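Student: what follows is a predicted structure for the sequence shown.
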Amino acid sequence: MWMLLAACLTLPPIDRPPQATACLECHDTVNLEVFRGKTHGGLQCVQCHRSIKALPHEDVVAPVVCARCHHHENESLRQSVHGKAASEGRKDAPTCQSCHGKAHDIVSPKRADSPVSKVNRDATCRKCHEAAFLARLNAALPRRATRMGLEPGQPRK
């Protein structure tokens with residue numbers, strides 16, 4: 001028994017992933033209290049920033065891959081015109097953040113302050129698309145209204 005205890009004491013310590021409070025020592029632009037009220041606020045930093053294993057980390061870290069958790073949404077995006085533009089390598093193809101906002105600020109689309117909520121969706125789309133194009137698109141693709149959470153045939157404002 002004593003030998004087992006002695007062997008355990010000679011093992012190197014187990015590296016634990018950094019906690020959010022440790023990350024904020026350098027990344028002080030993130031307000032942890034505000035972030036905790038956002039969609040991803042219940043996660044630890046390293047659940048999204050998976051390449052970070054210890055602090056301090058490298059200056060350049062691997063990008064966050066939203067699709068690791070958001071499989072269904074990623075498949076819908078991949079099949080959309082926006083996803084096809086991304087797969088073709090188009091520089092102007094939108095990312096998740098293009099529509100949903102900065103990663104630390106993302107809230108449920110059901111909330112009025114979400115860029116993709118029903119009340120804000122048109123303004124978000126108009127960041128890249130002209131209003132006339134969106135009106136033609138809505139008229140030509142009634143299925144789009146259903147996919148975007150609108151009632152079929154509902155006019156876009």
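Tutor: Thanks, I have the structure now. Only a predicted model underlies this, so the values are computations on that prediction, with no experimental measurement involved.

Student: how close does His71 sit to Pro94?
Tutor: 19 Å (Cβ to Cβ, to the nearest Å). To be clear about C-beta, it is placed using only N, CA and C from the backbone, and glycine gets the same treatment.

Student: what about these two, which has more around it?
Tutor: Pro94 (19 against 10; other Cβ atoms under 10 Å).

Student: tell me the pLDDT of the closest residue to the more buried one other than its chain neighbours.
Tutor: Of all residues not flanking Pro94 in the chain, His82 sits nearest, at 5.1 Å (Cβ to Cβ, 6 or more residues apart in numbering). Model confidence at His82, expressed as pLDDT, equals 92.

Student: what's the burial count for His82?
Tutor: 19.

Student: give me the element the closest residue in space to Asp113 that isn't next to it in sequence is part of.
Tutor: Nearest residue to Asp113, sequence neighbours excluded (Cβ to Cβ, 6+ apart): Val107, at 5.9 Å. Assigned by DSSP states H and E, Val107 falls within no helix or strand.

Student: one more: the one 4 residues further on?
Tutor: Using DSSP H and E, no element contains Arg111; it sits outside every helix and strand.

Student: and the gap between the nearest residue to it once chain neighbours are set aside and Leu137?
Tutor: Using Cβ to Cβ, 6+ apart and skipping residues adjacent in sequence, the residue nearest Arg111 is Ser117, 6.2 Å away. Counting by Cβ to Cβ, the separation of Ser117 from Leu137 is 19 Å.

Student: do the same with Asn31
Tutor: 37 Å.

Student: which other residues reach stretch 18-32?
Tutor: Gln44, Cys45, Val46, Ile52, Ala54, Leu55, Pro56, His104 (Cβ atoms under 8 Å, 6 or more residues apart in numbering).

Student: which of Asn31 and Leu137 has more neighbours?
Tutor: Shown here are Asn31 and Leu137; by other Cβ under 10 Å, Leu137 has more neighbours (14 against 11).

Student: ramachandran angles for that one?
Tutor: phi -60, psi -40 (degrees, to the nearest 10).
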